[in-house]
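K.L.:
The sequence and its predicted three-dimensional model are supplied below.
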Amino acid sequence: MNKISTFFSDIYTELILKVSWPSWEDLQNSLIVVTTSALILAGIVWVMNFFSNLALTTFYHLFQ
């Protein structure tokens, strides 16, 4: 039981005293960068999907 309490005590000490947490402004900036990147990547994948679907549909209609 002593090892478990020591383990959680060490976790608490690590998180409070040794971890450097980002500021609120840094979190907001990171959120904007990640959201923008995800939207751009989703748009690229959608365009690739659209054109590959169009190309394959056209190709299949040639041989019907």
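P.N.:
Happy to help now that I have it.
K.L.:
Let's verify P22: helix, strand, or coil?
P.N.:
Taking DSSP: H, G, I helix; E, B strand; the rest coil as the rule, one finds P22 in the coil state.
K.L.:
For it, which non-adjacent residue is spatially closest?
P.N.:
Using CB to CB, 6 or more residues apart in numbering and skipping residues adjacent in sequence, the residue nearest P22 is S30, 7.3 Å away. C-betas here are computed from N, CA, C, even on glycine.
K.L.:
what's the spacing between that neighbour and W24?
P.N.:
With the distance defined as CB to CB, to the nearest Å, S30 ends up 11 Å from W24.
K.L.:
which one of the two has more residues nearby?
P.N.:
Higher neighbour count among S30 and W24: S30, with 11 against 8, using other CB atoms under 10 Å.
K.L.:
Kindly state the pLDDT recorded for the more buried one?
P.N.:
pLDDT recorded at S30 is 97.
K.L.:
surely it meets S23?
P.N.:
No: at 10.6 Å, S30 does not count as touching S23 under the criterion of CB atoms under 8 Å.
K.L.:
Touching stretch 41-52 from outside, list them.
P.N.:
With contact meaning CB atoms under 8 Å, 6 or more residues apart in numbering, stretch 41-52 is reached by no other residue.
K.L.:
Next, the buried residues of the helix or strand in which N53 is found.
P.N.:
Assigned by DSSP states H and E, N53 belongs to helix 24-62. For helix 24-62, the neighbour count (16 or more other CB atoms under 10 Å) marks no residue as buried.
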